[in-house]
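*Asks:* sequence first, predicted coordinates after that:
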Amino acid sequence: MRARLAVILMADLVGYTSAMEADQSLAIELVRELRDKRLEPEAIRRGGDILKRMGDGWIIAFPSVSAAIETAQIVQLALVNHEKIRLRMAAHLGEIVQDETDIYGAGINITARL
């Protein structure tokens, strides 16, 4: 197992469950748009490491606070006038413990609760 200190950013699509119930194809397209055009490209551009995707959610590790916050700001500003996507985001500086199959640590748990 490997442990490291990182800025952990979590992102979660608001209203995903009801969106899936109303129009599954549209909800999946919204997740794909975030993944392919918005969140992941901006995170990777700033050194973000996509640790985990969970349907409508992401856990991303960054090497610095400024990289994580800049990513969050740029993505949120790009979504201000989006008709369907609302994204909830939180960031926390904490330790990540990672093995070959998953991630662990208090840093992950704290960020998830913010």
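*Replies:* The structure has been received and is ready for your questions.

*Asks:* mind checking how far residue 39 is from residue 80?
*Replies:* Residue 39 sits 15 Å away from residue 80, going by Cβ to Cβ, to the nearest Å. Every residue, glycine included, has its C-beta placed from N, CA and C.

*Asks:* more neighbours: those two, which one.
*Replies:* residue 39 (28 against 6; other Cβ atoms under 10 Å).

*Asks:* touching, the more buried one and residue 11? I think so.
*Replies:* Yes. Residue 39 lies in contact with residue 11 (Cβ atoms under 8 Å); the separation is 5.9 Å.

*Asks:* which residues are common contacts for the two?
*Replies:* Listed as contacting both residue 39 and residue 11 by Cβ atoms under 8 Å, 6 or more residues apart in numbering are 58, 60, 75, 87.

*Asks:* identify the residues contacting the third one.
*Replies:* Remark: with contacts taken as Cβ under 8 Å, 6+ apart, residue 75 is in contact with 11, 38-39, 42, 87, 89.

*Asks:* could I get the strand or helix carrying residue 18 in PDB with only the CA atoms?
*Replies:* Assigning secondary structure by DSSP states H and E places residue 18 in helix 16-22. Provided in PDB are the C-alpha atoms of helix 16-22 (Å, rounded to 0.1, in the frame of the first residue of the first chain):
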ATOM      1  CA  TYR A  16     -28.800  12.300 -10.300                       C
ATOM      2  CA  THR A  17     -31.200   9.700  -8.900                       C
ATOM      3  CA  SER A  18     -34.300  11.600 -10.000                       C
ATOM      4  CA  ALA A  19     -32.600  12.400 -13.300                       C
ATOM      5  CA  MET A  20     -32.100   8.700 -13.900                       C
ATOM      6  CA  GLU A  21     -35.700   8.000 -13.000                       C
ATOM      7  CA  ALA A  22     -37.000  10.700 -15.300                       C
END
